[in-house]
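Student: for reference, the sequence and a predicted model appear below.
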Amino acid sequence: MQSVIFQFYFKMITIKNLHASIDGKEILKGLNLEVKAGEVHAIMGPNGAGKSTLASILAGREEYEVTDGTVDFDGKDLLELATEDRAREGLFLAFQYPVEIPGVSNINFLRAALNEIRDYKGEEQISAKDFMTMVREKSAIVELDAKLASRSVNEGFSGGEKKRNEIFQMAMLNPKLAILDETDSGLDIDALRIVANGVNKLKTKENATIVITHYQRLLDYIVPDFVHVLYDGQIVKTGTKELALELEERGYDWIKEEFSK
Amino acid sequence: MSELLNSTEINIINSNGFEGILNEKLKSEALTILETIQFPTTRTEAWKYTRLGKISNKKFNVQKGDISNISKFQISKEATTLVFVNGFLDSSLCSSEIPNGIEFKSITNSTIEFGKNLKLENEIFHSLNTAYATDGVYIHIKANAILDKPLQIIHLLTGEHCIANLRNVIICEKNAQAEVIQGFFTENAEESFTNVVTEIIVEENSHLILNKIQYEDESCYQVSTEQVDQHKNSTFTINTITLNGALVRNNLNIEVNGENCTTNLNGAYLLKGNQHVDNHTLVDHKVAHCESHELYKGVVNDKATAVFNGKVFVRKDAQKINAFQSNANVLLSDDSTVNSKPELEIYADDVKCSHGSTTGQLDEEAVFYLRARGLSEKSARKLMISAFINDVIEKIQNEEVKLFVIQLLQERFDWEK
């Protein structure tokens, strides 16, 4: 009986003592984090704490140098994998600043990506018909106009459309672990609700989400199981959603005071 | 004949007894020029970025060639086709039926007088062509004829150190409408040279599209000149796609001599290895109320070099001209080079003209974005390169030609479908 329960709570990602730097400057200074399937974790923290660095390193940005530590992603050594293989293993990063790619059609590239992922897993290619059905279903989740879905990637999209497009792509790729990097930035309240609803609809017992945010507002909609405070390259405090409310009320200064050396 | 040639200063052609096809007066004029002219150096403005040593140091033979199977060079299957091998018509490879309302044949079988409009003075390749041209196509589309199928000319080059001097004439009469496809290919050719001149007259209210695909061997050379004379209310479109060749120089000289004309110049070049491709274009707006649109895009890899020199002339009385020119390049390697020189020379005061030139690299942030969605790095780059070049490929209206170009790209750059 217990073993059955444990199956639902297997470790999705385990980050141990992660140190990373860019241009010789150390940003992450021994970060530890464990996320299990079915969980939503929020990572909050002041500007410059290393939130986006963490997201970048997990997605495989090559500008950053990992100097110490390990990241186990569902049994794989994540740091050894190329960016595309991380995606194929089921890691998804929703970009803080989604890139505009003129001339590259959103759905054509998604179909190519989906097929490369399937190929990697030894699965069959998706048929054009099934793919289009999927596009219709998944674009509805974030109320993304089907016309936008087929335009050039993010080209001429508003800030809100870009973020909705990120969640649409997430829906299409169905990742095990989604990292939402400041997905709330630049969104008005309506767009925020649509994006958050999309994320909630995609939540299952088998997947997990890491929400990186500066503000508590998003967490009203995407309710986290755990809230971590990242400060000066380490997770210095972990709590429940009430911690986010406290941070909203008191700001980050008390954290800085408590933990600055 | 060949003795006479050997006495000239420019001595790169061994004619092997083949006579040039132009009239004696023009030939002797050209030969006189060749006695004194030198190959241009990089000190000559028009050749500033293109060295001709590869051509000027060699000796090329005029020599017939034999190619039996042309199926892989057939850009359009439905087109009426003429095939030239090493600068000679090979009638065994040509379409047997020619549509009504046109003449489409070897220029040696025509009675037309041609060649007078081409400048020879200081033009070494024009002079070589005028002195030595062995054959070429003659296309004459009669007034009001509207062709439902394109006309296709396949130029093949085979053998080592061979030269094909081709002289083409295309006349599109009043109210006529036609599409011409020119393909340049090689089979077992090495360090051979195609020197082609095409004189084009686009008469009143006619529409002519020229699709030109250059895919000769990586060791071969081509100098190509289109001399275009556009009359009023006409539309002329030329799409130049250059995917292979050691040294390719395209000279596009378009004289817009009538009002209400539209001129479209599109070009794409994808280069690798040590290729050198030079596109020189000139649109000369001599009269009012015309428009021209020029878009050239290139992707340059390895140690390859691309040159773009696009000039738009707007003469004093040519008011109300809309002329737009754009050249964009992507460099894929540290050793690749682009020399881009857009030029506007405007003497009228009521015109709308613009030009732009950009040279950059692939957006690495976009490559990362695509990889973060599961695409391999190779696929991501391919996708971005094809998106970049697609702006030009999309201008080709003929689906067969477009597909053929995409196939060539896949073959040459090892792109998957």
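Tutor: Cool, the structure landed.
Student: check which residues of the top helix by length along chain B are buried.
Tutor: Criterion DSSP state H: the longest helix present in chain B is helix B:377-393. For helix B:377-393, the neighbour count (16 or more other Cβ atoms under 10 Å in any protein chain shown) marks B:379-393 as buried. Using the backbone N, CA and C atoms, a C-beta is placed for each residue, glycine as well.
Student: which single one of those is nearest to A:L218?
Tutor: Nearest to A:L218 among the buried residues of helix B:377-393 is B:A380, at 29.8 Å by Cβ to Cβ.
Student: I'd guessed the closest one sits against B:E365; true?
Tutor: No - using Cβ atoms under 8 Å, B:A380 is not in contact with B:E365, being 11.3 Å away.
Student: for chain B, what lies in contact range of chain A?
Tutor: B:363, B:365-366, B:368-377, B:379, B:383-384, B:387-388, B:390-391 (Cβ under 8 Å from any Cβ of the partner chain).
Student: switch to 7 Å and redo it
Tutor: Residues of chain B lying near chain A by Cβ under 7 Å from any Cβ of the partner chain: B:365-366, B:368-377, B:379, B:383-384, B:387-388, B:390-391.
Student: the closest residue to chain A within the stretch 151-300 of chain B: what secondary structure?
Tutor: The nearest approach of the stretch 151-300 of chain B to chain A comes at B:K297, 10.7 Å away (Cβ to the nearest Cβ). Secondary structure state of B:K297, per DSSP: H, G, I helix; E, B strand; the rest coil, is strand.
Student: show me what it is bridged to.
Tutor: According to DSSP bridges, the residues that bridge with B:K297 are B:A268, B:A328.
Student: same deal with B:I163?
Tutor: Beta-bridge partners of B:I163, as defined by DSSP bridges: B:F193.
Student: now the residue most central in space within chain A: which helix or strand?
Tutor: Using Cα atoms, centre = their mean, the residue of chain A that lies closest to the mean C-alpha position is A:I179, 1.0 Å off. Using DSSP states H and E, A:I179 maps to strand A:177-181.
Student: A:N207 - nearest residue in space that isn't next to it in sequence?
Tutor: Closest residue in space to A:N207, ignoring its immediate chain neighbours: A:K176 at 5.4 Å, by Cβ to Cβ, 6 or more residues apart in numbering or on different chains.
Student: how about the contacts made by that neighbour?
Tutor: Taking Cβ atoms under 7 Å, 6 or more residues apart in numbering or on different chains as the contact definition, A:K176 lies against A:M12, A:D74, A:G90, A:N207.
Student: number of nearby residues for the last one?
Tutor: A:N207 is flanked by 20 other residues according to other Cβ atoms under 10 Å in any protein chain shown.
Student: excluding chain neighbours, what is closest to the closest residue to chain B within the stretch 1-150 of chain A?
Tutor: Closest to chain B within the stretch 1-150 of chain A is A:G103: 3.0 Å, counting by Cβ to the nearest Cβ. Leaving aside its sequence neighbours, A:G103 sits nearest to B:A387 (Cβ to Cβ, 6+ apart; 3.0 Å).
Student: ok, now A:K237?
Tutor: Distances taken as Cβ to Cβ, 6+ apart place A:V229 nearest to A:K237, at 4.1 Å, with adjacent residues excluded.
Student: confirm that neighbour sits in a strand?
Tutor: Yes - with three-state DSSP as the criterion, A:V229 is part of a strand.
Student: next, work out how far apart it and chain B are.
Tutor: Counting by Cβ to the nearest Cβ, to the nearest Å, the separation of A:V229 from chain B is 26 Å.
Student: residue in chain B nearest to chain A?
Tutor: Using Cβ to the nearest Cβ, B:A387 is the residue of chain B that sits closest to chain A, at 3.0 Å.
Student: so that residue is in contact with A:N106, correct?
Tutor: No - B:A387 is not in contact with A:N106 according to Cβ atoms under 7 Å; the separation is 11.8 Å.
Student: mean confidence score for the strand holding A:I179?
Tutor: Strand A:177-181 comes out with an average pLDDT of 97.
Student: now for it, which elements pack on it?
Tutor: helix A:51-59, strand A:91-94, strand A:208-212 (3 or more Cβ pairs under 7 Å, 6 or more residues apart in numbering or on different chains; DSSP states H and E).
Student: for the ones you listed, give me CSV that also has mean neighbour count, distance to chain B and mean pLDDT.
Tutor: Putting the helices and strands packed on strand A:177-181 into CSV (neighbours: other Cβ atoms under 10 Å in any protein chain shown; distance: least, Cβ to the nearest Cβ, whole Å; pLDDT from 0 to 100) gives the following:
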stretch, mean neighbour count, distance to chain B, mean pLDDT
helix A:51-59, 23, 5, 96
strand A:91-94, 26, 5, 98
strand A:208-212, 25, 15, 97
